[in-house]
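Peer 1: Got a sequence here, can you model it:
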Amino acid sequence: MNRRLEHKIALVTGAGSGLGAATAARFAEEGAYVFLTDIDFDSVAGIAKTIRATGGRATARYQDVTDEVDWDVLMQEIITAKGHLDILVNNAGIIITGTVETTTLSDWRKTQAVNLDAVFMGTRAGVSAMKVRGGSIINISSIEGIIGEALTPAYNASKGGVRIFTKSVALHCAQEDYNIRVNSVHPGYILTPMVTEGIGSLSSEAAAEMHANLMQQIPLKTMGEPLDIANGCLFLASDESKYMTGSELIIDGGYTCR
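Peer 2: As a prediction, the model looks like this:
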């Protein structure tokens, strides 16, 4: 029996850790050849090596997702090597905390550059590469692209932008009959390095208080794992989701139910 992504070529950005690493590994398990990129080449090379050691197929590459020219270079490298691209996961992202009063313009622009501008450039490059054969583009947003958080205005704005941008591109691709589906994924609190390091930077008392508050707000009373998001991405990457485009897949333990 064929695996769910057999014969598919995938690209996952920000794949050196967390959600990107888990998604790349899950895609490889299901038969995809995966290109993994990250600004931390040593980390992404290690993930690719682990994938190959367990029977998967993967290539690691350095990428600064804010570099517009390199997006075109990367796509050409993939097309030259494999002939086509079927799946793109725009996952790379950062978070810089601060209220609207304390966030600097530099921090705001850096957040938009990585979290929103790069998704635009990646999606544009992905559409160009996929429009003859079709494919699936998955943009990683966040529940904070749907609801607000006082300490992350720049992050909220960037992830909200990813959410509505995804819908715009989905409409365009459908109208042009490209057979490209474009969807967004909205993780809640997931045990990734970004989250654990954020909590770890707090005092033990503040960290305990934050954890207790989260457990009260998450109906399932636990934080998610990267695999939970990877499995959602797998569904959107596979033909099982062939009737989904412009959709929001929320994976948050029920956090946004209230």
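Peer 1: Contact partners for the residue nearest to residue 156 when sequence neighbours are not counted?
Peer 2: Nearest-residue entry for residue 156: residue 144, 5.2 Å, with adjacent residues in sequence omitted and distances by CB to CB, 6 or more residues apart in numbering. In short, each C-beta sits where N, CA and C put it, glycine included. Counting by CB atoms under 8 Å, 6 or more residues apart in numbering, residue 144 makes contact with 152, 155-156, 159.
Peer 1: among those, which two are most distant?
Peer 2: Maximum pairwise distance in the contacts of residue 144, criterion CB to CB, is 8.9 Å, between 152 and 159.
Peer 1: Quick check: which ranges of the stretch 151-258 of the chain have low pLDDT?
Peer 2: 198, 200-201 (pLDDT under 70).
Peer 1: what about the helices in it?
Peer 2: Along the stretch 151-258 of the chain, counting by DSSP state H, counting those that start in this stretch, helices occupy 153-175, 193-200, 204-217, 226-237.
Peer 1: any chance of these in a markdown table, plus distance to residue 140 and mean neighbour count?
Peer 2: What follows is those, written out as a markdown table (distance: least, CB to CB, whole Å; neighbours: other CB atoms under 10 Å):
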| stretch | distance to residue 140 | mean neighbour count |
| --- | --- | --- |
| helix 153-175 | 8 | 19 |
| helix 193-200 | 12 | 14 |
| helix 204-217 | 20 | 12 |
| helix 226-237 | 8 | 22 |
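Peer 1: Of the ones you listed, which is nearest residue 38?
Peer 2: When these are compared by CB to CB, helix 193-200 sits nearest residue 38, at 12.1 Å.
Peer 1: any idea how far the closest one is from the chain center?
Peer 2: Average the C-alpha atoms of helix 193-200, do the same for its chain, and the two points are 18 Å apart (CA atoms, centre = their mean, to the nearest Å).
Peer 1: With stretch 91-106 instead?
Peer 2: Centroid displacement of stretch 91-106 relative to its chain, using CA atoms, centre = their mean, is 18 Å.
Peer 1: Alpha carbons only: can I get that stretch in CSV?
Peer 2: Extracted as CSV, the C-alpha positions of stretch 91-106 are listed here (Å, rounded to 0.1, in the frame of the first residue of the first chain):
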residue,chain,number,x,y,z
ASN,A,91,6.9,27.4,8.8
ALA,A,92,9.8,29.7,9.7
GLY,A,93,8.9,32.2,12.3
ILE,A,94,10.0,34.3,15.3
ILE,A,95,8.4,35.9,18.3
ILE,A,96,9.5,39.1,20.1
THR,A,97,7.6,40.0,23.2
GLY,A,98,6.6,43.5,24.3
THR,A,99,3.5,45.6,24.6
VAL,A,100,2.4,48.2,22.0
GLU,A,101,4.2,50.7,24.2
THR,A,102,7.5,48.8,24.5
THR,A,103,7.8,47.2,21.1
THR,A,104,10.3,49.0,18.9
LEU,A,105,9.8,49.7,15.3
SER,A,106,12.9,47.6,14.6
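Peer 1: Tell me the buried residues in whichever helix or strand residue 73 is part of?
Peer 2: Here residue 73 sits within helix 68-82, counting by DSSP states H and E. The neighbour-count check on helix 68-82 (16 or more other CB atoms under 10 Å) flags 70-71, 74-75, 78 as buried.
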